[in-house]
Every structure is written in structure tokens, then in C-alpha cells.
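Participant: I'd like to go over a predicted model; first the sequence, then the structure.
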Amino acid sequence: MGRNVFITGISSGLGLSLTEHYLQQGDSVYGLSRRGAPFEHERLHQQQADLGNLDQIPAVLDQLIGDSRIDLAILNAGILSEFKPMPELSLDEIRTSMDVNTWANKLILDWFAAHAAPSQIVLISSGAGVTGHKGWGAYALSKAALNMLAQLYAYDLPDTHISAFAPGLIHTAMQDHIYEEVDEKRFPAVKRLKEARNTPAMPEPAEAARIIGDAIEQLPARIDSGQYTDVRQL
């Protein structure tokens with residue numbers, strides 16, 4: 001019998017490919033996204049929601065999940081802030097990234113804590129939250145906070161394996177934006193990302209979803225609950 005998998009950001013990129021991956025495995029997917037998945041499926045249950053609107057999140061989860069038991073939650077949705085030096089980055093820009101990339105996930109974790117928490121929760125993080133390269137600004141801050149969120153909630157949800165998991169480079173719209181719009185002379189860290197485009201180092205979302213899905217299954221046996229890890233470390 002298939003599992004119930006909760007995924008955020010299912011309308012495109014990694015979230016969409018993970019949705020397809022788990023449906024193909026026979027699981028049921030409960031998904032949240034702003035635009036909705038571009039297909040219907042008898043085992044796909046979804047609600048459209050802007051995770052930047054924090055006040056609506058508990059009610060949306062009540063409506064989407066209700067009394068259903070979620071086995072695996074993948075908190076994938078996130079936004080990339082504009083590349084800027086820190087002195088040019090406004091507090092409003094930081095707040096927007098923190099709301100979507102960090103605080104929305106806190107509210108989802110709180111909802112699960114008050115209901116029936118899954119046996120595994122994966123917070124999709126990024127190496128940007130560890131390396132702190134120039135220009136990553138609000139995105140890096142939000143992912144660093146997300147990593148700590150995983151560590152802190154591991155104490156409060158002892159029966160749930162929680163991880164902050166960096167999925168590596170994936171050819172998504174986010175990477176297209178970096179390739180086309182971000183100046184590598186001004187922000188040197190993006191040069192490696194641009195060089196990886198159209199190479200095996202940056203797989204397409206469908207291939208990445210297979211790799212990440214396999215890695216997620218390994219996480220409880222490979223790392224302690226609350227830890228951060230990168231797919232390339234497994």
C-alpha cells in the first residue's frame with residue numbers, strides 16, 4: 001500500500017518532478033503551490049496557496065490534509081532573492097525570503113506538531129545557507145535559518161526524523177534565471193553554476209527527483225535527526 005506524501009511547491013521544478021516520482025511509485029501526494037500542478041491524478045490532492053501569506057497556512061493545511069495521516073513531508077517551496085551586495089539589500093526583501101523559505105515552514109511544522117507528525121520531514125535547503133557567498137543575501141540567510149529550524153524541531157518531534165537537505169544543482173527556472181540574469185563578474189560564486197548548466201552536474205528535474213527520492217529514503221539511517229546534509233555527501 002502506498003504512502004501519503006506531502007510536498008510544497010508542486011507546480012514546477014523539483015516539486016513537480018517529486019510529485020510525479022511519488023505518484024509513479026504508487027503513493028498519494030498532498031501538494032501545495034501557488035499555481036497548482038499542471039495535471040490531475042486520482043492520487044493527487046492539492047490546494048493552491050501563496051506561502052508568503054502566512055496567516056492562511058493552518059487553514060489551508062486543515063482543508064488539504066484534514067485527518068489524513070502523512071508519512072513523508074517534503075517542504076520544498078522557496079524563492080530566490082535578487083542578487084545584491086548586503087548593503088543594498090533591504091529588510092523588506094529579507095522579510096519576503098524569510099517568510100516563504102523559513103517561517104512558512106515553521107508554521108507547517110507547527111501544524112504537524114499539533115496533529116499527527118509524519119515519520120519523516122525533509123526541509124529542502126541549499127549549500128547557499130552554509131557557504132555564504134557574495135550576492136546570495138536573503139536566500140542564504142533564509143536557508144541558514146531553515147537549517148537551524150530542522151535542528152531545533154528535532155528536539156520537539158522526537159518520533160519524526162527531520163533533516164535539512166540540499167538537493168544539489170538542478171536545471172530549474174531558478175538556475176535559468178541565474179544563468180541569464182546574474183553577473184558572474186560581480187558575483188563570482190555563480191560561475192560554477194553557469195559552467196554546470198547542460199552537464200551531468202546539473203540534471204533535469206525528473207532525473208534529480210529520482211536521485212533525491214532515493215537519497216531521502218537513506219536519510220534516517222545515514223544522519224541524525226536535525227542534521228543538515230547535501231545529496232553529494234550521501
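Facilitator: Sure, I can see it.

Participant: what helices and strands are in contact with the least confident helix or strand in the chain by mean pLDDT?
Facilitator: Least confident helix or strand, the chain: helix 173-181 with a mean of 85, by mean pLDDT, DSSP states H and E. Packing partners of helix 173-181 (3 or more Cβ pairs under 8 Å, 6 or more residues apart in numbering; DSSP states H and E): helix 190-196. Backbone N, C-alpha and C define where each C-beta goes, glycine included.

Participant: what's the local residue count around M98?
Facilitator: If you count neighbours by other Cβ atoms under 10 Å, M98 ends up with 19.

Participant: list the contacts of the least confident helix or strand of the chain.
Facilitator: With Cβ atoms under 8 Å, 6 or more residues apart in numbering as the test, helix 173-181 has contacts from 12-13, 80, 169, 190, 193-194, 197, 202.

Participant: which one of these sits closest to A138?
Facilitator: Nearest to A138 out of those is L80 (Cβ to Cβ; 8.9 Å).

Participant: quick one: the closest one and Y139 touch, right?
Facilitator: Yes. If you go by Cβ atoms under 8 Å, L80 and Y139 touch, sitting 5.4 Å apart.

Participant: check contacts around the spatially most central residue of the chain.
Facilitator: With distances taken as Cα atoms, centre = their mean, the residue of the chain nearest its centroid is N76 (2.1 Å). Residues near N76 by Cβ under 8 Å, 6+ apart: 7-10, 14-15, 18, 124.

Participant: sitting in helices, which of these do you find?
Facilitator: Under the assignment DSSP state H, the contacts of N76 contribute 14-15, 18 to helices.

Participant: got the contact list for I70?
Facilitator: 4-6, 30, 112, 116, 118.

Participant: my bad, E88
Facilitator: So E88 contacts nothing (Cβ under 8 Å, 6+ apart).
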